[in-house]
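> quick one: sequence and predicted model below, then my questions.
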Amino acid sequence: MSDLVATSSSGTPWALFKEITKFRLSISVLFSSLAGYALGAEHPDLKIFLLLALGGYCMVGASNVFNQIIEKDLDALMDRTRNRPLPAGLMGVTSALWLGIALTIIGLTVLYLINPKTAMFGAISIFMYVSLYTPLKTKTSLSVFVGAFPGAIPFMLGWVAATGSFGIESGTLFMIQFFWQFPHFWAIGWFLYEDYQKAGFFMLPTGKRDRGTATQIVLYSIWTVLASLIPAFHVTGALSLSLPSALIIGLLGLWFIWAAIRLYRNPSEIVARRLMLVSVTYITLLQIIFVADKFLSL
């Protein structure tokens, strides 16, 4: 979804490219795909790994470019986005459009070289992000639900790239990242509530920073942790998790849930920001633990 801080473009081509493609966000999304690939590959192939890295970045970057084109005028209204290349006048819409098209073509082509299913899911992701999630942000809080679908694809995309198939394993990875996005992005919507209001974005489930929103954040945090532990019961095909790793993830999950409960008990921007940081730490460590568990258990 969106960057968390206002950008300040230097005007150099590389700086503009990084900002229009949301470099940091794209890298974090790409990390999920590469983790999914490591989990799915019996014998990791450096060539496929690099193709996934290139194609994945192009697809995420293209989504972000198109998103910023559509939201150019709205970005100019918000403190954290008004210095992005388009609202700041450092890049023209036509140039951005051609960049988005080029990234889409390159990304789809590269992902197709891995296998057709990977390219298909990549195309679905960019379509849903640009054509459904982005325009819905100013119309309904359900935009977060719609955006959770393309947002959950990268983790399972790596598995599909490794195996060429979609099954219970990739479905489980999708489910984990799908549930995770709700507490993560609602936390962002909480501490950026006033800035989002300037652009007319509906990012919280009740439309307000209230107990109803906080309750849903807690519930989705619990569901995220429960989904994360399913592979420990060896019911998800080739995707499994050892008991020690499950215990570590369980402890991390309790930390995650506690951070959500703290927001319920003390609804403030500071606590919401902490929850966002905890959620990022949780999903990153979870992916590292899953991959480490696979290779250390061999």
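Done, it's in.
> dihedrals phi and psi, Thr206?
With angles defined as degrees, to the nearest 10, Thr206 sits at phi -100, psi 0.
> was I right to think it contacts Thr215?
No. If you go by CB atoms under 8 Å, Thr206 and Thr215 don't touch, sitting 9.3 Å apart. (C-beta placed from N, C-alpha, C; glycine too.)
> what residue ranges in the chain score low on pLDDT?
Counting by pLDDT under 70, the chain has low-confidence residues at 1-10, 298.
> mind running it again at 90?
For the chain, the stretches with pLDDT under 90 are 1-12, 296-298.
> so which residues of it form helices?
Using DSSP state H, the helices of the chain run over 13-20, 23-40, 46-70, 72-75, 93-114, 116-127, 134-136, 143-163, 168-191, 193-199, 211-229, 243-265, 269-296.
> so the last one versus helix 168-191, what angle?
Pointing back at helix 269-296 there. 160 degrees (axes from the mean of the first three to the mean of the last three CA atoms, to 10 degrees).
> what's in contact with stretch 101-110?
If you take CB atoms under 8 Å, 6 or more residues apart in numbering as the criterion, stretch 101-110 is touched by 21, 51, 54-59, 61-62, 65, 119, 122-123, 126.
> of these, closest to Asp73?
Closest approach to Asp73 among those (CB to CB): Val65, at 15.9 Å.
> which residues are in contact with that closest one?
20-21, 96-97, 99-100, 103.
> could you rerun that using 7 Å?
Listed by CB atoms under 7 Å, 6 or more residues apart in numbering, the contact partners of Val65 are 20-21, 96, 99-100, 103.
> one more: Phe155?
Phe155 is in contact with 32-33, 35-36, 173-174, 176-177, counting by CB under 7 Å, 6+ apart.
> likewise for Ala214?
263-264, 267.
> cool, and Ala53?
Per CB under 7 Å, 6+ apart, neighbours of Ala53: 30, 34.
> separation between it and Trp180?
22 Å (CB to CB, to the nearest Å).
> same question, Asn67
To Trp180, Asn67 is 21 Å away according to CB to CB.
> more crowded one of those two?
Using other CB atoms under 10 Å as the criterion, Asn67 and Trp180 rank with Trp180 on top: 27 against 22.
> surely the more buried one touches Ile283?
Yes. At 5.4 Å, Trp180 and Ile283 qualify as touching, with contact defined as CB atoms under 7 Å.
> brilliant, that's me finished.
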